[in-house]
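Undergrad: give me a 3D structure for the following:
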Amino acid sequence: MEKRFVQVECNIHIDWSGNRAPVYRLYVNDELFTERVWRWRDCTLNELIQIEANPGKYHIKYELVQPHNACISVTDMKIVQGPGKVKGDNMLRIL
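TA: Residues are numbered from 1 along each chain as shown. Predicted coordinates:
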């Protein structure tokens, strides 16, 4: 099977309080793609996820790393390049 290249875009926002900035992780299936420190307040960032993989289904998941005093929201996930579709529960299908 030939691998396909897709780019997925979404908006990330984290509400947090306290002095310690929260850390979040991005997984595609069970593979850790990135871990970042969120240093901003009252800000939404646009994230671009680049994936080269065989056609199939891939679950995209964001999570906060403990300890944290924060809440993460991911919105407007969509394909911006390549053969794919995003379903409601952050499920990417590469065609």
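Undergrad: strands of the chain, start to end?
TA: Secondary structure of the chain by DSSP state E: the strands cover 4-16, 23-28, 31-37, 44-53, 56-64, 70-81, 84-87, 91-94.
Undergrad: packing partners of the first one?
TA: Other elements packing on strand 4-16 under the criterion 3 or more CB pairs under 8 Å, 6 or more residues apart in numbering; DSSP states H and E are strand 44-53, strand 56-64, strand 70-81, strand 84-87, strand 91-94. The way it works is simple: take the backbone N, C-alpha and C, and place the C-beta from them, glycine included.
Undergrad: so for V28, which of these sits nearest?
TA: Shortest separation from V28 across the helices and strands packed on strand 4-16 is recorded for strand 56-64, at 5.3 Å, computed as CB to CB.
Undergrad: before we move on, back to that, using CSV, please lay out the strands of the chain together with mean pLDDT.
TA: Supplementary listing: the strands of the chain in CSV, determined by pLDDT from 0 to 100:
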stretch, mean pLDDT
strand 4-16, 98
strand 23-28, 98
strand 31-37, 97
strand 44-53, 97
strand 56-64, 98
strand 70-81, 97
strand 84-87, 97
strand 91-94, 98
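Undergrad: make JSON lines out of those and add mean neighbour count.
TA: JSON lines is the format used below for the strands of the chain (neighbours: other CB atoms under 10 Å):
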{"stretch": "strand 4-16", "mean neighbour count": "17"}
{"stretch": "strand 23-28", "mean neighbour count": "17"}
{"stretch": "strand 31-37", "mean neighbour count": "11"}
{"stretch": "strand 44-53", "mean neighbour count": "13"}
{"stretch": "strand 56-64", "mean neighbour count": "15"}
{"stretch": "strand 70-81", "mean neighbour count": "13"}
{"stretch": "strand 84-87", "mean neighbour count": "16"}
{"stretch": "strand 91-94", "mean neighbour count": "18"}
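Undergrad: list the contacts of the spatially closest residue to C10 that is not a sequence neighbour.
TA: Nearest residue to C10 in three dimensions, chain neighbours excluded: M77, at 4.0 Å (CB to CB, 6 or more residues apart in numbering). Contacts for M77 were tallied using CB atoms under 8 Å, 6 or more residues apart in numbering; they are 8-10, 60, 86, 90.
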